[in-house]
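**Student:** Let's see this in three dimensions:
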Amino acid sequence: MNIRKETKRIIKNVANKPIDFKEKILLSSIEILTIVAELEKKFGIIIDDKKIFREIFLNYETLFEYIENSLYYKGS
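**Tutor:** Now for the predicted structure:
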């Protein structure tokens, strides 16, 4: 499974608008929380609530890296 591709698909479905993944994240807090729920369900990970807005959703790259790291540590 391509983690980044699947994550982008989830974001596009929730946002329901064109997304430029090279730009800053411009989503509402409701959209972000919905994306978090979908990502947790899809990948079987838990996203730390305290880090959502301060560390994880700074930009798309930090989001992708967080998911990839979570899956790596989940599998070890």
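**Student:** So which bits of the helix or strand of the chain with the lowest mean pLDDT are buried?
**Tutor:** Taking mean pLDDT, DSSP states H and E as the measure, helix 60-75 is the helix or strand of the chain with the lowest mean score, a mean of 92. Within helix 60-75, the residues that count as buried by 16 or more other CB atoms under 10 Å are 60, 63, 66-67, 70. Glycine gets a C-beta too; all of them are placed from N, C-alpha and C.
**Student:** and what of stretch 17-36?
**Tutor:** For stretch 17-36, the buried set under the neighbour-count rule, 16+ other CB under 10 Å, comprises 19, 25, 27, 31-36.
**Student:** Against residue 7, how distant is the most centrally placed residue in the chain?
**Tutor:** Central residue of the chain (CA atoms, centre = their mean): residue 63, 4.9 Å from the mean position. Distance of residue 63 to residue 7, computed by CB to CB, to the nearest Å: 7 Å.
**Student:** one step back: point out the other elements, helices or strands, that the least confident helix or strand of the chain touches.
**Tutor:** The contact analysis (3 or more CB pairs under 8 Å, 6 or more residues apart in numbering; DSSP states H and E) places helix 60-75 against helix 3-15, helix 29-43.
**Student:** quick one: which of the ones you listed is nearest residue 75?
**Tutor:** For the helices and strands packed on helix 60-75, the distance to residue 75 is smallest for helix 29-43, at 11.0 Å, taking CB to CB.
**Student:** how about the CA coordinates for the closest one, as PDB?
**Tutor:** As requested, the backbone C-alpha atoms of helix 29-43 are provided in PDB (Å, rounded to 0.1, in the frame of the first residue of the first chain):
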ATOM      1  CA  SER A  29     -10.400  22.100  12.300                       C
ATOM      2  CA  ILE A  30     -13.400  19.900  11.600                       C
ATOM      3  CA  GLU A  31     -11.900  18.700   8.400                       C
ATOM      4  CA  ILE A  32      -8.600  17.900  10.200                       C
ATOM      5  CA  LEU A  33     -10.400  16.000  13.000                       C
ATOM      6  CA  THR A  34     -12.300  14.000  10.400                       C
ATOM      7  CA  ILE A  35      -9.100  13.200   8.500                       C
ATOM      8  CA  VAL A  36      -7.500  12.100  11.800                       C
ATOM      9  CA  ALA A  37     -10.400   9.700  12.400                       C
ATOM     10  CA  GLU A  38     -10.200   8.300   8.900                       C
ATOM     11  CA  LEU A  39      -6.400   7.900   9.100                       C
ATOM     12  CA  GLU A  40      -6.600   6.100  12.400                       C
ATOM     13  CA  LYS A  41      -9.200   3.800  11.100                       C
ATOM     14  CA  LYS A  42      -7.400   3.100   7.800                       C
ATOM     15  CA  PHE A  43      -4.000   2.600   9.100                       C
END
